[in-house]
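Student: Build the 3D model from these lines:
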Amino acid sequence: MRGRAWVVVCAVALAGARAASGQASGQALTADEIVNRVVEHDAQRRMALAEYASERTYRMEYKGPIGERHALMRVRMEFSAPDRKRFTVVSESGSTIFCHQVLRKLMEGEQEGALEANRLRSMLSPENYYLRLAGEERLDGKDAWVLEVSPKDENRFNYKGRVWVSKSDYAVMRIVGSPAKNPTWLMGSSNFDYRYRQSGDFWLPEHNDTVSHLRIGGEIRLTVDYGEYRITAAGPMGGVTSAANHGAGVKGLAVALPQ
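Tutor: Residues are numbered from 1 along each chain as shown. The predicted structure follows:
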């Protein structure tokens with residue numbers, strides 16, 4: 001535990017020194033520099049987080065040649081560091097095919113995506129993505145950089161689009177874009193809007209909204225609400241020891257395609 005805490009302290013000190021250097025020089029940060037600091041801060045958050053749990057609500061709506069279909073599934077998700085996710089279906093209703101063949105497949109994909117090798121491959125970084133600073137905006141009361149990103153290696157864990165990064169703590173606040181590679185042959189085009197919310201030093205997804213057009217005709221809309229998180233910290237980070245969120249999310253485990 002002492003070795004783990006020492007790594008966190010060193011990472012925090014390094015990030016602070018770099019930030020101070022940049023502020024002292026008065027130079028604007030490049031897109032690569034911003035993302036490198038995002039990666040550093042995410043590493044700190046991962047080291048400080050032991051586990052979290054929440055009850056999610058998945059909703060799916062289909063409109064197309066066969067009419068309209070709906071599906072709803074409530075799922076309890078439990079995460080344990082470094083990369084273990086466990087899903088328990090609490091309830092489901094609506095289309096049986098959508099519940100079993102679509103929503104459950106999404107959960108399986110997230111479990112695979114949480115594994116270290118896939119997380120690193122999809123993580124936002126100058127090594128994995130082409131980056132461009134598109135401007136600055138105010139989002140949810142915070143000043144943010146807006147980055148345009150595209151993957152250097154296209155796979156189903158990567159994405160292309162725009163990323164909003166908080167200036168105050170180098171956290172990803174929002175991602176709008178599309179998968180670099182369609183997960184199945186059925187999908188034509190797909191666009192998503194992923195939002196995150198902060199609680200203390202931690203962040204996790206708050207709401208996902210994805211619209212996909214099928215090659216066989218029709219449109220599928222998937223929304224995910226992440227509910228309340230219960231968080232347990234592994235070690236010190238800005239005074240965080242443990243917390244129960246009040247409707248908030250926690251991000252920073254990895255800047256991957258959120259699921």
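Student: Give me the buried stretch members for the one helix or strand Arg59 maps to, please.
Tutor: For Arg59, the enclosing helix or strand under DSSP states H and E is strand 49-64. Of all the residues in strand 49-64, those buried under the rule 16 or more other C-beta atoms under 10 Å are Leu49, Tyr52, Ala53, Ser54, Glu55, Arg56, Tyr58, Arg59, Met60, Glu61, Tyr62. C-beta here means a position set from N, CA and C on the backbone, and glycine is covered the same way.
Student: Equivalent analysis for stretch 125-142, please.
Tutor: Ser125, Pro126, Asn128, Tyr129, Leu131, Leu133, Lys142.
Student: Would you confirm that the fifth one belongs to a strand?
Tutor: Yes. Membership of Leu131 in a strand is supported by DSSP: H, G, I helix; E, B strand; the rest coil.
Student: okay, Ala244: pLDDT?
Tutor: pLDDT, Ala244: 34.
Student: Correction: the previous question concerned Asn118.
Tutor: 55.
Student: same thing with the one 4 residues further on?
Tutor: pLDDT for Ser122: 70.
Student: what's the answer for Thr57, then?
Tutor: Here the pLDDT value assigned to Thr57 is 93.
Student: Help me confirm that it comes into contact with Leu222.
Tutor: No. The pair Thr57 / Leu222 is not scored as a contact, 11.3 Å apart, by C-beta atoms under 8 Å.
Student: still on that earlier bit, which of the buried residues of stretch 125-142 lies closest to His100?
Tutor: The closest of these to His100 turns out to be Asn128 (C-beta to C-beta; 33.0 Å).
Student: What backbone torsions are found at the closest one?
Tutor: Backbone torsions for Asn128, taken as degrees, to the nearest 10, come to phi -100, psi -20.
Student: what residues are up against it?
Tutor: Arg121, Ser122, Pro151, Lys152, Asp153, Asn158 (C-beta atoms under 8 Å, 6 or more residues apart in numbering).
Student: Report the two of the residues you listed separated the most.
Tutor: Ser122 and Lys152 (11.7 Å).
Student: Tell me which of those two has more neighbours.
Tutor: Set side by side, Ser122 and Lys152 show more neighbours around Ser122, with 23 against 12, by other C-beta atoms under 10 Å.
Student: which residue packs closest to that one, ignoring adjacent ones?
Tutor: The shortest distance from Ser122 to any non-neighbouring residue, by C-beta to C-beta, 6 or more residues apart in numbering, is to Phe157 (3.7 Å).
Student: Also Val38?
Tutor: Tyr170 (4.8 Å).
Student: looking at this, Lys181 is in a helix?
Tutor: No. Read with three-state DSSP, Lys181 is coil and lies in no helix.
Student: How many residues are close by Gly177?
Tutor: Neighbour number of Gly177 under other C-beta under 10 Å is 20.
Student: Show me the contact partners of the helix or strand where it lies.
Tutor: Following DSSP H and E, one finds Gly177 within strand 172-179. Strand 172-179 is touched from outside by 38, 124, 139-140, 142, 144, 149, 156, 158-166, 189-196, 203, 251-252, 255, 257-258, with contacts defined as C-beta under 8 Å, 6+ apart.
Student: who does that strand pair up with?
Tutor: Its sheet considered, strand 172-179 pairs with strand 159-166 (antiparallel), strand 187-199 (antiparallel) by DSSP bridges.
Student: Arg86 versus the residue nearest to Ser122, what's the distance?
Tutor: 20 Å (C-beta to C-beta, to the nearest Å).
Student: contacting residues around the following helix or strand past the strand holding Arg59?
Tutor: Heading C-terminal from strand 49-64, the first helix or strand you meet, by DSSP H and E, is strand 67-80. With contacts defined as C-beta under 8 Å, 6+ apart, strand 67-80 is touched by 50-62, 85-95, 97-99, 102-103, 107, 114, 253.
Student: circling back to that earlier point, which among the contacts of Asn128 gets closest to Ala28?
Tutor: Closest to Ala28, out of all of these and judged by C-beta to C-beta, is Lys152, at 24.1 Å.
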